[in-house]
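Novice: I'll drop the sequence and a predicted model, then ask my questions.
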Amino acid sequence: MIKKAQVSIVKCEKIHHYESVKKAVKDCLDLIGGLDSLVSAGDRILIKPNLIAPYHYRTGATTNPLVIRALCALAKKAGAVRVSIADGSAVGHKTEEVFAVTGLKELSARIGVALIDFKKAKAVPMGIPNGKIFRRIKIPQIFMEADVIINVPVMKTHDVFPATLGLKNMKGILQEKDKKRFHKWGLAQSIVDLNKLVLAQITVLDGTVCMEGMGPTHGTPVNLGIIISSLDTVAADTVAAAVMGIDPLKIEYVKLAFEQGMGCADLSRIQVLGTSIEKVKRPFKQVKLDSGFWKEKGIEIYEKGACSGCRNTVTSFIANIEENEDRPELLKGYTLIFGQNVKLPDKCKGKLVNIGLCTGKFRGKGGYIPGCPPHPQDILDFFEKTYRIA
């Protein structure tokens, strides 16, 4: 008999109340053996939340500091000699500012834990012999020296993938130049390769305040009120996706990680402990690309054979444009094409923009934005610099 991966789900009734959050976190961990089954006396524990940008946790963009505080307390009780909270904010943001806005700066001083900015930490080159995209990358030394890594992402929709969860959250440990390179190299497989080196011992998904729509920072908060945990990050992501109403295998990095033996993404082989998926399931809104809607506005969009990466990236870019009432008119007269099987239209209206590595063969026919997929900000920068949209 194949042993099933275990994932626990526990409801948290009072998501802004520390004792309630702490109880939910402890109960969730106890269902899979408890934190003391991983932590030994004298261990150095590193907690890796999602601190993407300076947004309060009530927006759903960053990890609830009450969840982090609970994990710090549980780690110390289990015998940890040192507990650190560490992350590196997204490109263009300052981690120290995120520490302040999220309340972690004040919290760390009050409970006596270290705050570490991965952007400023010493990084050492590490090898990944079974990497498919890269075989060598720099990782913060303090991360590699930790005895136990606790991964604490937020359940959110994302502008490149249907959702950003545990595996994706580890991208925060990278240096900024590598965060950008991942998009050029192939984001999904790069995330998987990274996790072959830095996969956390335990993942605790913060589902107290989540985000839907324009994630990972500009979406709508969802007060879901749950905690999900597992020793198998792939299984944790799979269950979280199912709760969000998303097919886990539609999240490319989850699918690749499963295929490459890093964990289980087959719900039939996952044992869910505590509350069932069906009792907490709440479909998250996804931003959809409606080419017909934009055609009426004079914007032509051609796509064929695009992966979820490029599809979601273009969708996010278009949706951001739509949010500003004046901006859609600024794109009028453009033709956007993307996808590995797309062909140049017989008659191209206005200026042609080729998006993603798959359209590189058409780069001489118009503007070209490389990347697999390009970062949404890269697309916006391209238009602002090339066509002076502002």
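Specialist: Alright, I've got the coordinates.
Novice: For the stretch 1-150 of the chain, give me the ranges with low pLDDT.
Specialist: 1-2 (pLDDT under 70).
Novice: show me where it has helices.
Specialist: 18-30, 65-77, 95-101, 104-111, 141-145 (DSSP state H, counting those that start in this stretch).
Novice: and the chain, what are its domains?
Specialist: Here the domain assignment for the chain is 5-280, 291-386, based on automatic domain parsing.
Novice: Make CSV out of the ones you listed and add mean neighbour count.
Specialist: In short, each C-beta sits where N, CA and C put it, glycine included. Listed next are the domains of the chain as CSV, based on neighbours: other CB atoms under 10 Å:
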stretch, mean neighbour count
domain 5-280, 21
domain 291-386, 17
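Novice: that older thread, any idea which of the helices of the stretch 1-150 of the chain gets closest to S268?
Specialist: Judged by CB to CB, the one of those that comes nearest to S268 is helix 18-30, at 22.2 Å.
Novice: residues touching the closest residue to L74 other than its chain neighbours, list them.
Specialist: Nearest non-adjacent residue to L74, counting by CB to CB, 6 or more residues apart in numbering: L35, 4.8 Å away. Taking CB atoms under 8 Å, 6 or more residues apart in numbering, we find L35 in contact with L29, L71, L74, A75, A78, I202.
Novice: Kindly recompute the last result at 10 Å.
Specialist: By CB atoms under 10 Å, 6 or more residues apart in numbering, L35 lies in contact with 25-26, 29, 45, 71, 74-75, 77-78, 80, 148, 150, 202, 204, 229.
Novice: For A319, state which of these is nearest.
Specialist: Nearest to A319 among the contacts of L35: V204, at 30.1 Å, using CB to CB.
Novice: my guess is the closest one meets N50, correct?
Specialist: No: using CB atoms under 10 Å, V204 is not in contact with N50; the gap is 11.5 Å.
Novice: so what's in contact with the two at the same time?
Specialist: T63, N151, V152, P153, G166.
Novice: so can I have TSV of those residues showing secondary structure?
Specialist: Shown next, in TSV, are these (DSSP: H, G, I helix; E, B strand; the rest coil):
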residue	secondary structure
T63	coil
N151	strand
V152	strand
P153	coil
G166	helix
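Novice: can you list the residues you listed in a markdown table and add distance to V39?
Specialist: Shown next, in a markdown table, are the shared contacts of V204 and N50 (distance: CB to CB, whole Å):
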| residue | distance to V39 |
| --- | --- |
| T63 | 20 |
| N151 | 15 |
| V152 | 15 |
| P153 | 20 |
| G166 | 19 |
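Novice: Thank you kindly, that will do.
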